[in-house]
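> got a predicted structure plus its sequence, pasted below:
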Amino acid sequence: MIAASGKLFAVTLDEKILAFGGSSKNAKTYFVKKSDWKPSSKTNEKAEQILSETGISEGYALYYGVKDGDLLAALVLQSDLNFVAIVPKAKDVEKLRRRFENLGLLGQRVSFLQGNANTFKAPPYMASLIVVNKLEKSKDGLITNLYTALRPYGGKLWIKGKEKTQKN
């Protein structure tokens, strides 16, 4: 609860903001439009493949190389993992935060921080899964940074490689 401008504001557990005081004649109701955006079927298949290959579907995960957020969203929606996504540019962090906020996932299952695999040092043994969708040019300590963040005895690191093309 917050008191300001002669009113009392309260936030409920079901994400409603209520204001008490003042005139009820001018009462207004606002709704946040939730996005109906969903990852493509191809992206959902890729997420299913990653979760299947690693065998990890719960706990905490780090995600490097977020592009438009489709693969990250698919991973979140298909698992019980809580993701921390590391994004190089501040403007992209803000854009992705808004997109995932509209999905109702921001702060619940996904958080975004600025950095990259070379610079971001996650706490030791934090992640059950680390997904590297795009690997930056390696600098000293890159693999150490990733490996240190993995949980011992079962933590998995998934790094995107080149897609194999199949000719018929």
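Done, it's in.

> buried residues in stretch 53-70?
Residues Thr54, Ile56, Gly59, Tyr60, Ala61, Leu62, Tyr63, Tyr64, Gly65, Val66, Gly69, Asp70 are the ones in stretch 53-70 that count as buried (16 or more other Cβ atoms under 10 Å). Yep, even glycine has a C-beta here, placed from its N, CA and C like the rest.

> pLDDT below threshold where in the protein?
Residue ranges of the chain with pLDDT under 70: 15, 23-25, 27, 29-35, 136-141, 163-168.

> in the sheet, who's paired with the spatially most central residue of it?
Closest residue to the average C-alpha location of the chain: Val110 at 3.2 Å, with Cα atoms, centre = their mean. On the basis of DSSP bridges, Val110 is bridged to Phe83, Leu106.

> ok, it - contacts?
Residues near Val110 by Cβ atoms under 8 Å, 6 or more residues apart in numbering: Leu72, Val76, Asn82, Phe83, Val84, Ala85, Phe100.

> shouldn't the fifth one be in contact with Gly59?
No. Applying Cβ atoms under 8 Å, one finds Val84 not in contact with Gly59, separated by 11.7 Å.

> now the strands for this protein?
Counting by DSSP state E, the chain has these strands, from start to end: 2-4, 7-11, 17-20, 58-64, 80-87, 110-114, 129-132, 156-159.

> pick the most deeply packed of the ones you listed.
strand 129-132 (a mean of 25; mean count of other Cβ atoms under 10 Å).

> show me what that strand is packed against.
Using 3 or more Cβ pairs under 8 Å, 6 or more residues apart in numbering; DSSP states H and E, the elements in contact with strand 129-132 are strand 58-64, helix 142-149, strand 156-159.

> circling back to that earlier point, how about a markdown table for the buried residues of stretch 53-70, with distance to Ile17 added?
Shown next, in a markdown table, are those (distance: Cβ to Cβ, whole Å):
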| residue | distance to Ile17 |
| --- | --- |
| Thr54 | 39 |
| Ile56 | 36 |
| Gly59 | 32 |
| Tyr60 | 29 |
| Ala61 | 31 |
| Leu62 | 32 |
| Tyr63 | 30 |
| Tyr64 | 35 |
| Gly65 | 35 |
| Val66 | 29 |
| Gly69 | 26 |
| Asp70 | 30 |
